[in-house]
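Trainee: Here is a sequence together with a model predicted from it:
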Amino acid sequence: MRILVTGGAGFIGANFVHTTHETMPDADIVVLDKLTYAGNPKSIEGLDRVQLVAGDIADADAVDPLVADADLVINFAAESHNDNSLADPSPFVRTNVEGTFTLLEAVRRHGTRFHHISTDEVYGDLALDEPRRFQPGDPYKPSSPYSSTKAASDMLVRAWVRSYGIEATISNCSNNYGPYQHIEKFIPRTITNLIDGVRPRLYGTGENVRDWIHVRDHNTAVWAIIDKGRIGETYLIGADGEKNNLDVTKAILEAFGRDPEDFDLVADRPGHDRRYAIDNTKLVEETGWQPEFTDFAAGLADTIAWYRDNEDWWRPAKEAVEAKYAQTGQ
Ligand code: NAD
Ligand code: TDX
């Protein structure tokens with residue numbers, strides 16, 4: 001089997017490449033990645049049967065021959081950070097919307113099976129105290145330039161299934177954590193700040209809730225959908241991991257042996273979504289998938305150990321990331 005993984009040098013894509021390489025010894029994996037600031041070839045180096053092609057998913061000439069040769073395309077490539085999308089939305093439109101369009105046109109030409117990776121943020125947010133969680137059929141109500149471009153990309157996939165009969169599925173996952181996540185994101189930023197002796201920064205009041213899932217569980221769910229999901233369907237991926245940012249920060253501080261109150265409240269994110277929460281019933285009932293990494297404290301401890309052991313991977317990016325946050329008072 002020949003699998004094209006777009007965005008495979010990023011956080012979730014790189015983890016997907018590693019686990020697929022381990023579990024599918026007959027698979028050849030081609031990674032198409034633009035190697036933006038978020039893509040790191042080191043995340044997937046040294047793997048036989050894995051070929052990295054530097055290129056843009058919005059470049060039809062780069063995409064077409066790779067899709068023509070593939071049995072399956074999984075699209076992880078995206079601009080993925082909300083804060084960056086507020087500062088400059090243009091690459092988000094280009095990659096998330098035009099890039100997905102370009103991939104869809106190629107899979108339409110070649111009749112290739114397509115799986116699109118998306119986010120729960122397309123559904124907007126929930127109140128902190130309402131019992132409801134996101135359902136696959138909920139209306140789209142994105143808040144940020146990032147989530148609006150992901151919503152647009154999902155809509156394109158749905159339309160290409162209906163109008164052109166392409167064989168595609170979509171998954172919308174909640175917040176991931178684990179190794180190889182860029183240090184601009186909340187958990188690795190907090191961990192690497194603490195390694196540097198810097199107090200963690202919490203946006204606003206710290207009450208915003210995210211539904212955390214280990215990246216390996218996200219990726220086993222993606223395979224479950226590819227193997228057992230129904231064409232044209234949307235599946236929500238989540239592992240009942242709701243926690244507010246305050247509690248996550250305190251858990252990381254405690255894992256470092258620090259006072260759990262040793263953090264700073266900083267400027268809030270404009271338009272900051274209050275709460276995400278996933279109802280995974282459809283995924284579980286239709287595919288039998290179950291998460292393995294359900295002990296958040298253990299997953300966090302492993303993730304902290306990974307950042308301690310792999311400083312050469314993240315250190316080159318740290319100064320620039322923090323300089324950017326300093327400009328917005330965060
Ligand atoms: P990431 O930013 O770590 O990685 C994105 C990768 O895509 C990078 O390697 C980057 O170089 C590459 N890329 C960017 N633009 C490209 C282009 N035009 N052509 C080819 N490659 C390009 O992101 P991530 O956190 O790994 O997210 C992967 C996917 O999962 C995204 O679609 C994101 O929306 C989705 N998602 C992420 C989370 C999360 O918590 N991180 C949760 C749900 C869904
Ligand atoms: O230093 C910080 N302090 C802080 O309080 C940072 C970087 C973030 N936060 C808050 C903002 C959010 O409420 O932590 C929460 C998580 O922030 P991010 O890591 O930026 O993630 P989020 O905006 O929730 O989006 C993530 O999950 C859904 C991914 O980045 C998206 O790609 C995915 O779609």
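Mentor: Structure's in. What do you need? Ligands and ions are numbered 1, 2, ... in the order given.

Trainee: what's the burial count for Tyr177?
Mentor: For Tyr177, the neighbour count with other C-beta atoms under 10 Å is 25. For glycine as for every other residue, the C-beta is placed from the backbone atoms N, C-alpha and C.

Trainee: Repeat that for Pro89.
Mentor: Neighbour count of Pro89, defined by other C-beta under 10 Å: 17.

Trainee: Name the residues of the stretch 151-300 of the chain found near ligand 2, please.
Mentor: Contact residues (C-beta under 6 Å from any ligand atom) of the stretch 151-300 of the chain with ligand 2: 175, 185-186, 189, 201-203, 208, 210, 245, 269.

Trainee: TSV please, covering those and showing neighbour count and pLDDT.
Mentor: Converted to TSV, those look like this (neighbours: other C-beta atoms under 10 Å; pLDDT from 0 to 100):
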residue	neighbour count	pLDDT
Asn175	22	98
Lys185	19	98
Phe186	21	98
Arg189	22	98
Arg201	20	98
Leu202	23	98
Tyr203	16	98
Asn208	21	98
Arg210	22	98
Asn245	21	98
Arg269	17	97
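
Trainee: mind listing which of those are in helices?
Mentor: Using DSSP state H to define helices, the subset of these located there is 186, 189, 245.

Trainee: Please name the nearest non-neighbouring residue to the second one.
Mentor: Counting by C-beta to C-beta, 6 or more residues apart in numbering, the nearest residue to Arg189 once its immediate chain neighbours are dropped is Ile183, at 5.5 Å.

Trainee: My guess is the one you found contacts Thr190. True?
Mentor: No. Counting by C-beta atoms under 8 Å, Ile183 sits too far from Thr190 to count as a contact (9.5 Å).

Trainee: When the two are compared, which one has more neighbours?
Mentor: When neighbours are counted by other C-beta under 10 Å, Ile183 and Thr190 differ, and Thr190 comes out ahead with 25 against 19.

Trainee: Return the residue spatially closest to that one, with its sequence-adjacent residues excluded.
Mentor: Pro200 (4.4 Å).

Trainee: residue contacts, the one you found?
Mentor: By C-beta atoms under 8 Å, 6 or more residues apart in numbering, the contact set of Pro200 is 189-190, 193-194, 249, 252-253, 262-264.

Trainee: ok, now with 7 Å
Mentor: By C-beta atoms under 7 Å, 6 or more residues apart in numbering, the contact set of Pro200 is 190, 193-194, 249, 252-253, 263.

Trainee: Look up how far Glu130 lies from it.
Mentor: 28 Å (C-beta to C-beta, to the nearest Å).

Trainee: Was I right to think Phe296 contacts Gly241?
Mentor: Yes. Contact criterion C-beta atoms under 7 Å: Phe296 and Gly241 qualify, at 6.2 Å.

Trainee: Please identify every residue contacting each of the two.
Mentor: Contact criterion C-beta under 7 Å, 6+ apart; residues shared by Phe296 and Gly241: Trp212.

Trainee: Can you name the residue of the stretch 1-150 of the chain nearest ligand 2?
Mentor: Nearest to ligand 2 in the stretch 1-150 of the chain, going by C-beta to the nearest ligand atom, is Thr119, at a distance of 3.1 Å.

Trainee: Skipping adjacent residues, who's closest to that residue in space?
Mentor: Lys150 is the one closest to Thr119 (C-beta to C-beta, 6+ apart), at 5.2 Å.

Trainee: if I pick that neighbour, what's in contact with it?
Mentor: 78, 96, 118-119, 121-122.

Trainee: same question, Ala152
Mentor: Applying C-beta under 7 Å, 6+ apart, we find Ala152 in contact with Val97.

Trainee: Are we agreed that it is in a strand?
Mentor: No. Counting by DSSP: H, G, I helix; E, B strand; the rest coil, Ala152 is not part of a strand but helix.

Trainee: Quick check: it vs Asp302, distance?
Mentor: Ala152 is 35 Å from Asp302, where distance means C-beta to C-beta.

Trainee: do the same with Ile57
Mentor: 31 Å.

Trainee: before we move on, the earlier item: tell me the pLDDT of the residue nearest to Arg189.
Mentor: pLDDT for Ile183: 98.

Trainee: what secondary structure does it sit in?
Mentor: coil.

Trainee: give the contact list for it.
Mentor: 189, 192, 314, 317-318, 321.

Trainee: likewise Ala68?
Mentor: Ala68 is in contact with His110, counting by C-beta under 7 Å, 6+ apart.

Trainee: you'd agree it is in a helix?
Mentor: Yes. Counting by three-state DSSP, Ala68 falls inside a helix.

Trainee: Could you measure from it over to Val157?
Mentor: 20 Å.

Trainee: quick one on the thing from earlier: which single one of the contacts of Ile183 is nearest to ligand 2?
Mentor: Nearest member of these to ligand 2, counting by C-beta to the nearest ligand atom, is Arg189, at 4.8 Å.
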